[in-house]
Each structure stands twice: as structure tokens, then as C-alpha cells.
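Enquirer: give me coordinates for this.
(2 chains)
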Amino acid sequence: MTALATKETETTVTVGEEERAEPSAPDEPRRVATADTDDRISQIGCAAGSLGLVWVLYYRVLPTEGLLGFVLCWYAAFLAMYVLVTLQRHGRVVLADRLAATVIRSGAVVVGAALLTVIASTFWRGREALSHWNFYTEPLVFDDSSDLTQGGMLHAVIGTLEMMLLSIAVALPLGVACAVFMSEVGGRLSKWVRTIVEAMTALPSICAGLFILIAGILLLGMEQSGFAASLALAVMMLPIITRASDVVLRLVPGGLREASLALGASQWRTVWHVVLPTARPGLATALIIGVARGVGETSPVVLTAGYSNFVNANPFSGWQTSLPPFIYNNARLPEEEMIARAFGAASALLALVLVLFTVSRIVASHRKGGRS
Amino acid sequence: MTSATPSGQAAVGVDTPRRIHHGHSAADRVFRGGARGAGLLVLALMAGIGLFMLSESGIALDEFGPAFFTENKWDMETGELGVSALLLGTITVAGVAIVIAVPFALATALYITEYAPLRSKRTLIAMVDLMAAVPSVVYGLVGLIVLQPALVDVARWIHDFFGWIAVLDVPGANPDTTLWNNEAYQYTSSAFIAGVVVSLMVLPIVASVMREVFSQAPAGERESALALGGTRWGVVRSVVLPFGKGGVIGGTMLGLGRALGETIAVALIIVPAFDLKVRILENGTITIAAQIINRFGESSPVQLSALMLAGFVLFAFTLVVNTLAAMVVARSRSGAATEI
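Expert: Here you go, the predicted model:
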């Protein structure tokens, strides 16, 4: 659109200079959208008309009920009416354009609404549990499960933090080293590694859990513990971190590497002092993306960490719980209060993910404005 | 003269090229070796996942033989164990999810690339990314507690009007009875409800792949379409969609790969049922991942081995789907799919 507009203005200017004629009115770019006042009014009219029609049919005449079914019927009736109204005044080309615009817009609105519903209902249902201070300071121990002033998610928060730290400690060095291998050392092997890593980014997380369950717990005789779960999470995060780091390392300008090598630095020094510092914001984003994925994964932790309602601060021995299994286990219980606790923990987890997400955006935008 | 040249050269000394130092210093060799080692370790880890699962599933293969893939029951007592119901359930849930997610993802991607005002584009993209970042257990919880009551109504409604289609039938349920008749349970915990929740999870992945490919549609052809008097929809139909075909297909397959492996949200919503059926609105279904998470704790070695085999089937299945998807997307990103 903008490119078109500038081109047209340029042409006008040259023509004006050549002919020395009186300056004509500047060309306006053609309006692409066919929607105008007439269109908007007919949309509103159709929405209102179909609402009335469908309400009468749906709730009064036909044996149907349920809000979602009603909305679906309303939408279908609205589209039908809109097609008829548009056809009164316009041809098929305009009809197709307006209909497509309406359908695409409403599709996007539904997706946005779904996202907001998920986030808002989590926090809304979580408010009961979150409003009690003990929810943050106690493990899930109580005399009476229906009393929200007893018991909390402290053990799960501790578990989440420890598992995340341990899995970062495993996945970050290995992931970055592997990315350095792919982008700096190269060779035929690196192509294989890259293909496999790409394929593994979409690995079902339960497979990572099963792998640690077989290799670590059944074969090596490790006990179910926070550490085993961290390994499983690390296996899951590894391809994500590796791939994201590889992308940023490849973006580091080759001139920087050559300059460093020309000054006599060894390849090791070049990577350590030039390439990695240049890519630091990108690597931070890669790490945060990996952590945001790992922190919400449930199935690897359920398979490898056991489940506990008590504080176990030692990730290397004994069963440990993190937030996702806490949510998973409590959501399946019939009591209202346990579900309220699950929503409370889900709010905490969602808040954590939102924070990580925002931080990764800020870091990434710094990168854009900064070095590269 | 002829003899002077060699003697003159001899005085200067025969030119030999400066020796350029090949090979790396000791520190560099250590560094390169270390990096290569990390690469190999990652490669071994990733290959190990599949190999370990396959090796552990040997016991089950010996015990049940090829019948494992055709048997639908999962009954340790009678020794009847098989994955056919799990496979069918997995495909059903993923299929429902894809059928729902793809149209909405297409609309979202087209809205962001073609219709949204320029200044709100970044926010919209961030929202789609955020949707992908929400943990699956949160989707499962919201789906189970918040969405299920609403979706039961929809399921009843669909059954009422489209029950004559075999897939949408719920035998034994009467859609006309009101909810407080305690009949609604027949519509809960179904493949349909699980599929809707999984569709929320795969939608952002599908949408972001499509958006990326759509945004690379050649500007020249867009502008030509506009210059010929095309409407906005005309541009979409004649330039953006044909160019982004690979993205649409590849994104759909990537979403399918994610939907197949989705565990926790499905396990929260469904009630296990092992009959071979594709009646998506009916209570109860089972997927591979949900079966693993439900049964790994109480399993005997043979049963555990059977779960590993099921896990390996899932692993191989997703790997094939994802690799194909990656190839399709890569082809369309490189522009190889465009024909002029």
C-alpha cells in the first residue's frame, strides 16, 4: 500500500515538471477496502435482524437451547442475511470481498476471545485460593480439605524453582555448546545434528519423560526425584534452546569473526570474546523460551518425580512436586476447594509464564535496537 | 644473460611460498573437540530416546506379537493388550483438534498479515506467541472446569441436529432431555471436548507458521493484483493463498504433530474407553499419551514394556509427521513452491 502510494506521487511529480502545467490534485491511492458507511450500517442491521430471528426460532419455536449453539446459529443467520443485503446493491466481487473480510475478522476475534477467556478465567477462579496468605507459605497439608485457610502450594513452588534451575544447568551449557558446534565448527556432522535437533523440537514431552524413566530410573537405578525430573525437562528443553541459539549465532556478522581472527586471536578466543558476547541478548531469549516451555510441562515431571504433598527441598532424594503436577492432581479431585487450589496454582504458573514471556520480549527488542 | 638469471636468482634464493600455518593451536583443538563432543552428545541423546524406547518394548513384542497392533483391549488379567484403540483415539482427538484449529488459524494469520492495521501487528503477533506459551495443564484445567459445561450443550445440540451422521451419533442418549435429567454425562469427557481444548493449543503454532509464510508473499505480485483492480480478498485469493499453500499444509501438519503428542490436557478431560469407535461426541476415548500417563505407575514389567511400545509408536508417528511438515514449510519458505 505505502509503496504504491509513493510510486504514484513520484510519477505525478515528474509528469508535472515535464509539462509545466498547472499542478493537478495529488493522486490518491485507490481505496482497497470496499467497506464503507453503507457496509457498516448493513452489518449492524443484519446483526440485529438475525439476533431477533434466531432468538425467536432458537428459544421459542425449535426445541434447542444452550448459549454456544445459539451464538453459532446467530452467526450463521447473520452471514446469510449479510450476503442477501449486499447482493441487493453490489455484484459478486464486492460480495466476496466483504464476506471474506467479515469471516476473517470474526475468526480472529474468536481466537482472541478464546485466549482472553483462558487467561481471565484462570485468574478469576484462582482468586479464592490466592487471597489466602497460607496458600503461599504452606505445603498441601490440612485437617479439613474444604478449608482454604489451610494448606498451600509452597512445596510445589520450591519444586518448580529447583527443577528449573537444575534443568537450566544441564540444558543451557549443552545447548549453547551444541549450537556453537553447528554454527562455528561446522562440518558434515553438524548438518546431521541440525536436522535431528529440528525434528526434536516438536518431540512430545511425554517421550522425554519416558526416556528418563527407562534410561535413568529403570536401567541406572536412580530414584524418582526432582533431579530425574530436571533431567527429563532438560532433554525436552535442549532442542528448543539449541535451535534458538543456533539461529542467533548464525546472525552474528561474519566480519566480526574475521576481524578477531585477523588480529591473531585463536578460534576459541574469537568465540568466547566476540561471538558469544555479541549474541548474548539472543542467547538470553533462547534460554527464556526454553524455560517458558519447560516450566509448564507436566507429563515428564509426573513420570519421573513422583508426587508429594510435603516440602522436600532436596531435589536429589525423595519425591518432589512442581506446580504442573500439583494442578493436574488437584484438578481431578471432586471437591470444589481442591479445584480452587488447582486454579490458584495455575494462576501462579501462568503469572510466571507471563513474566518470562514479557522479559523475553524486552530482551529481544533490546537486541533489535542495539548491536545488530 | 641466460646464465645470469639463474645465478641472480641463486643470489636472492629460490622463491618459496611463505608457510601458512595449517591446523589449529592446541587450545583450538580442545575447543573444537569439546564443541564436537557436545554436538555428538546431543545427537546421541536424541537418537537414544527412540532407541531406548524400542529396546525396552522388546518384552511386549515377544509377549503379544503382531496382535499388539490390532487388539483394542488393555486388560492385564486376561493378557489382552493392544494399541489399536489408543491409535484410533489419538487420531480422533488430533483430527477434531485440527479440523477446528485450522480454519481459525487461517483466519488469524490472514487477519494479521492482510487486514490488521499496521501498528497493531506486533501486538497481535505477540498475542499468538503468548497463546503458544500458556502451559498445556492450564488449558486442560480451564477446558475441564470452564469450557466443558458449555461444550456439553454444543455436543447435545450437534447430536440433536446432526445425529444421523454416524460420527456425530451418541447411542443411548436422548438430546431432548434437559440437562438436570442427569443425562448430560453421556456428552462429557468425549473426544470432541478433548479435541476442542487441544485445538486451542495447536492453533497458535499453525497460525504462526501460516503468518510467516503469508507475509513472504511477493510484494510485486500483490501490487500487480491491486493495480489490476483487485479487491483485498482478490489479492488474498490470487496471490497470498497460492503462494502460501506450502505454509498452510506444513503448518497444519506441524499442528497435527503437536496434537498427536498432547498429553496432560487430554488426560484431564477424557475418561478411558477402549472400544474401537469414532463417535466423537460420546463419553470416553483414549489416546496413547493419556494411557501412558494414567498407567505407568501401576504397571507390571510386561505392561510397562507395552506402554514403551505404545510410546515408541507415538514417537515414530510424530517424528514422521513433523519431518514431512518441516520439509514442506522449508520448501515454501525458500520460494521453491512458487511457479511463475
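
Enquirer: identify each buried residue in the helix or strand that contains B:Ser224, please.
Expert: Using DSSP states H and E, the element containing B:Ser224 is helix B:219-227. For helix B:219-227, burial by neighbour count (16 or more other Cβ atoms under 10 Å in any protein chain shown) applies to B:221-223, B:225-226. C-betas here are computed from N, CA, C, even on glycine.

Enquirer: now for those, which pair is the farthest apart?
Expert: Within the buried residues of helix B:219-227, two members stand farthest from each other by Cβ to Cβ: B:Glu221 and B:Leu226, at 9.8 Å.

Enquirer: how near is A:Val103 to chain B?
Expert: Remark: distance between A:Val103 and chain B (Cβ to the nearest Cβ, to the nearest Å) = 7 Å.

Enquirer: mind checking how far the helix or strand containing that residue is from the chain centre?
Expert: If you go by DSSP H and E, A:Val103 is part of helix A:92-130. How far helix A:92-130 lies from its chain's middle: 16 Å, per Cα atoms, centre = their mean, to the nearest Å.

Enquirer: what helices or strands is that helix leaning on?
Expert: The contact analysis (3 or more Cβ pairs under 8 Å, 6 or more residues apart in numbering or on different chains; DSSP states H and E) places helix A:92-130 against helix A:67-89, helix A:336-369, helix B:84-110, helix B:121-133, helix B:136-142, helix B:191-215, helix B:232-235.

Enquirer: and the lengthiest helix in chain B with helix B:84-110, angle?
Expert: Using DSSP state H to define each element, chain B has its longest helix at helix B:301-333. If you take axes from the mean of the first three to the mean of the last three Cα atoms, to 10 degrees, helix B:301-333 sits at 30 degrees to helix B:84-110.

Enquirer: run through the residues of the stretch 151-300 of chain B sitting next to chain A.
Expert: B:151, B:153-154, B:156-157, B:160, B:176, B:200, B:203, B:207, B:219, B:223, B:226-227, B:231-237, B:254, B:257-258, B:260-264, B:267-268, B:289, B:292-293, B:296 (Cβ under 8 Å from any Cβ of the partner chain).

Enquirer: buried subset of those residues as a PyMOL selection?
Expert: To isolate the buried members of those in PyMOL, using 16+ other Cβ under 10 Å:
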select buried, chain B and resi 151+153+154+156+157+160+200+203+207+223+226+231+232+233+234+235+236+237+254+257+258+260+261+262+263+264+267+268+289+292+293+296
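
Enquirer: where's B:Phe69 relative to chain A, distance?
Expert: As judged by Cβ to the nearest Cβ, B:Phe69 and chain A stand 19 Å apart.

Enquirer: ok, that residue touching B:Val83?
Expert: Yes: look at B:Phe69 against B:Val83 with Cβ atoms under 8 Å: they come within range, at 6.1 Å.

Enquirer: ok, back up a step: let me know which of the helices and strands packed on helix A:92-130 is the nearest to A:Gly112.
Expert: A:Gly112 lies closest, by Cβ to Cβ, to one member of the helices and strands packed on helix A:92-130: helix B:121-133, at 6.7 Å.

Enquirer: now do the buried residues in the closest one.
Expert: Residues B:124-125, B:127-133 are the ones in helix B:121-133 that count as buried (16+ other Cβ under 10 Å).

Enquirer: ok, which of these also contact chain A?
Expert: Answer for these near chain A (Cβ under 8 Å from any Cβ): B:124, B:127, B:129-131, B:133.

Enquirer: turn the residues you listed into TSV, columns for distance to A:Ala47.
Expert: Putting these into TSV (distance: Cβ to Cβ, whole Å) gives the following:
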residue	distance to A:Ala47
B:Leu124	24
B:Met127	25
B:Asp129	31
B:Leu130	29
B:Met131	27
B:Ala133	34
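
Enquirer: export those residues as JSON lines, with columns for pLDDT.
Expert: Output for these, formatted as JSON lines (pLDDT from 0 to 100):
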{"residue": "B:Leu124", "pLDDT": "92"}
{"residue": "B:Met127", "pLDDT": "91"}
{"residue": "B:Asp129", "pLDDT": "89"}
{"residue": "B:Leu130", "pLDDT": "90"}
{"residue": "B:Met131", "pLDDT": "91"}
{"residue": "B:Ala133", "pLDDT": "89"}
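
Enquirer: which one of these sits closest to A:Leu116?
Expert: Taking Cβ to Cβ as the measure, A:Leu116 lies nearest B:Met127 of these, at 9.2 Å.

Enquirer: B:Ala94 versus that closest one, what's the distance?
Expert: B:Met127 is 24 Å from B:Ala94, where distance means Cβ to Cβ, to the nearest Å.

Enquirer: quick check, the residue in the stretch 251-372 of chain A closest to chain B?
Expert: Nearest residue of the stretch 251-372 of chain A to chain B, counting by Cβ to the nearest Cβ: A:Gly296, 2.4 Å away.

Enquirer: in chain A, where is pLDDT below threshold?
Expert: Within chain A, the ranges that satisfy pLDDT under 70 run A:1-26, A:29-35, A:63-66, A:366-372.

Enquirer: please parse it into its domains.
Expert: As given by automatic domain parsing, the domain ranges for chain A are A:35-125, A:154-371.

Enquirer: can you tell me which of the ones you listed is most buried?
Expert: Of these, the one with the most neighbours on average (mean count of other Cβ atoms under 10 Å in any protein chain shown) is domain A:154-371, at a mean of 21.

Enquirer: that domain: how far from the chain's middle?
Expert: Domain A:154-371 has its C-alpha centroid displaced from the chain centroid by 15 Å (Cα atoms, centre = their mean).

Enquirer: show the contacting residues for A:Val110.
Expert: A:Val110 is in contact with B:Phe104, counting by Cβ atoms under 8 Å, 6 or more residues apart in numbering or on different chains.

Enquirer: swap that for A:Asn309, sorry
Expert: A:139-141, A:155, A:321.

Enquirer: wasn't it part of a helix?
Expert: No: the assignment for A:Asn309 (DSSP: H, G, I helix; E, B strand; the rest coil) gives coil, which keeps it out of a helix.

Enquirer: okay, it and A:Phe211: tell me how far apart.
Expert: 27 Å.

Enquirer: now do B:Gln216
Expert: 36 Å.

Enquirer: same check, this time on A:Phe310
Expert: As defined by Cβ to Cβ, A:Phe310 lies at a distance of 28 Å from A:Phe211.

Enquirer: same thing with A:Ala286?
Expert: Applying Cβ to Cβ, the value for A:Ala286 to A:Phe211 is 22 Å.

Enquirer: how about B:Pro117?
Expert: Distance, B:Pro117 to A:Phe211, by Cβ to Cβ: 46 Å.

Enquirer: check contacts around B:Phe64.
Expert: Neighbour list for B:Phe64: B:71, B:81-82, B:306 [criterion: Cβ under 8 Å, 6+ apart].

Enquirer: so how far is the helix or strand harbouring it off the chain centroid?
Expert: Assigning secondary structure by DSSP H and E places B:Phe64 in helix B:58-64. Helix B:58-64 has its C-alpha centroid displaced from the chain centroid by 29 Å (Cα atoms, centre = their mean).
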